[in-house]
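Trainee: Build me a model:
(chains A and B)
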Protein chains: 2
Amino acid sequence: MEFTLEDISDAEVTRRRELYGPLTDSVRELIDAVIRTEVDEETVRDAHRVIAETVERLQANQLAGSFGVRHTADMKGMPWGNSVIGLRNAIAPPLTTVRRTDGTVSADFTLGAAYEGPPSCVHGGVAAMILDQVLGEAGSADDVPCYTGTISFRYLRPTPLGALHAEAVIVERDGRKKIVRGALSDGDGETVTAEGVFIVPKDWNGPIPRSIRSRPI
Amino acid sequence: MEFTLEDISDAEVTRRRELYGPLTDSVRELIDAVIRTEVDEETVRDAHRVIAETVERLQANQLAGSFGVRHTADMKGMPWGNSVIGLRNAIAPPLTTVRRTDGTVSADFTLGAAYEGPPSCVHGGVAAMILDQVLGEAGSADDVPCYTGTISFRYLRPTPLGALHAEAVIVERDGRKKIVRGALSDGDGETVTAEGVFIVPKDWNGPIPRSIRSRPI
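Mentor: Residues are numbered from 1 along each chain as shown, chains lettered A, B, ... in the order given. Below is the predicted model:
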């Protein structure tokens, strides 16, 4: 997998974060507003015209392809195009994941109208998308890279739109195979549980941590 | 599950479709442009200001909550807020699903920069999100409602961004349980396969079709 390296300072990363973060947040609000607006037809048509003009101005100079996964020269990640955690991707809620010292990865976030499937509930596929990201990050929280082999989700009950929590941790490790478990929860407990089998790439030449067996989550 | 009924004509549905469809498409282009733009800082700040103003105008009159799943009085569905197929949801690619007479549900669509996980590839969670929708629709293609119990994904190889195809069909049915299989494919074949167990709600009083056994997909 190719990564793009950019030899930029922390100050430059901060400058870009402060430039693109608020822009992307306003697009997130726009996505929500376009779903929920009930203003008159003329205002909707005006909004369309203004947005189309803005798109044209932003496209005047742009990357030939997708954003990719970029790192600064000292390997600070800038996964800003990522669909779940991307600073510059308005599809991403975005999730801000936190890694605890025991390897658990978690995130607190809020999902609004744009993430709806059944009425007032999170789309089952969105729940899967978010858990895939959190399990993936937990899977490499031991600093050994891995990719997703299989992942399964169990839907315990509908997940209401609103404030949610996701977390995951490696529960078993056997050679190049890691089993990661996680869950999505609302204030009343788990709504969706997930289990994934993650595989360390064959070309990984670093150390493989010792095997562990089923740790309760 | 509550649905919202609106007693509107086909002409009114068409009017709304033609009003909100192009607006939402322009927001999809905006999401992509915000990820990929390399214009100067002043143009980015201008874009932010213009979008924030547009959001304010659209929010002047809006639904109190999410869009919900609406139907016209003659039960034509308008799942326009849905994260995968929603006409008014810029997060949705959107998918346009087609149901064949044999019950297979399929969709052809293109995923760009906004759906990226690994460099130039579809986010594994996005693949899961889309397959969840397609399997769910295939699960109720026999006109017997059902909800997702469990769903599993097997990642065969990375899915490149670009033109893709998804399809799914019921392969087994045993009383209130249906097993649905599907896959995501690019031009070279399957990249992700999926299998889900879907359950007919206990309060379903309509007919339950006869049981069937493993039909090859």
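Trainee: Could you check how far residue A:38 is from chain B?
Mentor: 5 Å (CB to the nearest CB, to the nearest Å). Where you see a C-beta, it was placed from the backbone N, CA and C, and this is true even at glycine.
Trainee: Tell me, please, the helix or strand in chain A that averages the lowest pLDDT.
Mentor: strand A:4-6 (a mean of 82; mean pLDDT, DSSP states H and E).
Trainee: List the strands paired with it, with their directions.
Mentor: strand A:70-72 (parallel) (DSSP bridges).
Trainee: same for the very next helix or strand once past the strand it pairs with, what does it pack against?
Mentor: Following strand A:70-72 in sequence order, the next helix or strand is strand A:77-78 (DSSP states H and E). Secondary-structure packing of strand A:77-78 (3 or more CB pairs under 8 Å, 6 or more residues apart in numbering or on different chains; DSSP states H and E): strand A:70-72.
Trainee: Go through the strand it packs on and flag the buried ones.
Mentor: Across strand A:70-72, burial judged by 16 or more other CB atoms under 10 Å in any protein chain shown covers A:70, A:72.
Trainee: Go ahead and name everything in contact with the least confident helix or strand of chain A.
Mentor: A:68, A:69, A:70, A:71, A:72, A:73, A:78, B:119 (CB atoms under 8 Å, 6 or more residues apart in numbering or on different chains).
Trainee: Quick check: longest helix in chain A by residues?
Mentor: helix A:10-36 (DSSP state H).
Trainee: If you count neighbours, what's buried in that helix?
Mentor: Quick answer for helix A:10-36 (16+ other CB under 10 Å): A:16, A:20, A:23-36.
Trainee: Off-centre distance for it?
Mentor: Taking CA atoms, centre = their mean, to the nearest Å, the mean C-alpha location of helix A:10-36 is offset from the chain mean by 15 Å.
Trainee: Does the next helix or strand after it reach chain B?
Mentor: Downstream of helix A:10-36, the next assigned helix or strand under DSSP H and E is helix A:41-59. Yes: interface with chain B: helix A:41-59 contributes A:41, A:43-48, A:50-52, A:54-55, A:57-59 (CB under 8 Å from any CB of the partner chain).
Trainee: State the mean pLDDT of helix A:41-59.
Mentor: Average pLDDT, helix A:41-59: 98.
Trainee: What residues sit buried inside it?
Mentor: Here helix A:41-59 shows A:44, A:47, A:48, A:50, A:51, A:52, A:54, A:55, A:57, A:58, A:59 as buried, counting by 16+ other CB under 10 Å.
Trainee: Kindly report the same for stretch A:150-157.
Mentor: A:151, A:152, A:153, A:154, A:155.
Trainee: Ignoring the adjacent residues along the chain, who's closest to residue A:182?
Mentor: Once flanking residues are discounted, residue A:182 sits nearest to residue A:168: 2.8 Å by CB to CB, 6 or more residues apart in numbering or on different chains.
Trainee: still on that earlier bit, going by distance to residue A:11, which of the contacts of strand A:4-6 wins?
Mentor: Nearest to residue A:11 among those: residue A:72, at 11.2 Å, using CB to CB.
Trainee: tell me the phi and psi of the closest residue in space to residue A:60 that isn't next to it in sequence?
Mentor: In this structure, residue A:60 finds its nearest non-sequential neighbour in residue B:39, 5.7 Å apart by CB to CB, 6+ apart. Phi and psi for residue B:39, reported as degrees, to the nearest 10, are phi -70, psi 170.
Trainee: Residue B:39: neighbour count?
Mentor: For residue B:39, the neighbour count with other CB atoms under 10 Å in any protein chain shown is 16.
Trainee: thought it was touching residue A:56?
Mentor: No: using CB atoms under 8 Å, residue B:39 is not in contact with residue A:56; the gap is 10.7 Å.
Trainee: in chain A, what spans have low per-residue confidence?
Mentor: A:1-3, A:214-217 (pLDDT under 70).
Trainee: domains for it, by residue range?
Mentor: A:1-94, A:95-199 (automatic domain parsing).
Trainee: Now do the last one: distance from first to last residue.
Mentor: Think domain A:95-199. Distance between the boundary residues of domain A:95-199 (CA to CA, to the nearest Å) amounts to 24 Å.
Trainee: now that domain, how far from the centre of its chain.
Mentor: 10 Å.
Trainee: List the contacts of the residue most central in space within chain A.
Mentor: Geometric centre of chain A, nearest residue: residue A:84, 2.2 Å, by CA atoms, centre = their mean. Going by CB under 8 Å, 6+ apart, residue A:84 touches A:92, A:93, A:94, A:95, A:129, A:130, A:132, A:133, B:117, B:123, B:125.
Trainee: which residue packs closest to it, ignoring adjacent ones?
Mentor: Nearest one to residue A:84, counting by CB to CB, 6+ apart, is residue A:133 at 3.9 Å.
Trainee: What angle do helix B:10-36 and the longest helix of chain A make with each other?
Mentor: 180 degrees (axes from the mean of the first three to the mean of the last three CA atoms, to 10 degrees).
Trainee: Remind me what helix A:10-36 packs against, helices and strands.
Mentor: helix B:10-36, helix B:41-59.
Trainee: Make a markdown table out of the ones you listed and add distance to residue A:103.
Mentor: As requested, the helices and strands packed on helix A:10-36 are arranged in a markdown table below (distance: least, CB to CB, whole Å):
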| stretch | distance to residue A:103 |
| --- | --- |
| helix B:10-36 | 31 |
| helix B:41-59 | 38 |
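Trainee: For residue B:211, which of these is the nearest?
Mentor: Among the helices and strands packed on helix A:10-36, helix B:10-36 sits nearest to residue B:211 (CB to CB), with 37.6 Å.
Trainee: Would stretch A:204-217 count as contacting chain B?
Mentor: No: Stretch A:204-217 does not reach chain B (CB under 8 Å from any CB); its nearest approach is 15.6 Å.
Trainee: which residues does residue A:204 contact?
Mentor: A:144, A:145, A:176.
Trainee: Generate TSV for those residues, with neighbour count as supplementary columns.
Mentor: Shown next, in TSV, are these (neighbours: other CB atoms under 10 Å in any protein chain shown):
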residue	neighbour count
A:144	19
A:145	15
A:176	14
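Trainee: residue at max distance from the center of chain A?
Mentor: Outermost in chain A, CA atoms, centre = their mean: residue A:42 at 35.9 Å.
Trainee: Could you measure from the nearest residue to residue A:104 once chain neighbours are set aside over to residue A:89?
Mentor: The shortest distance from residue A:104 to any non-neighbouring residue, by CB to CB, 6+ apart, is to residue A:169 (4.4 Å). Distance, residue A:169 to residue A:89, by CB to CB, to the nearest Å: 26 Å.
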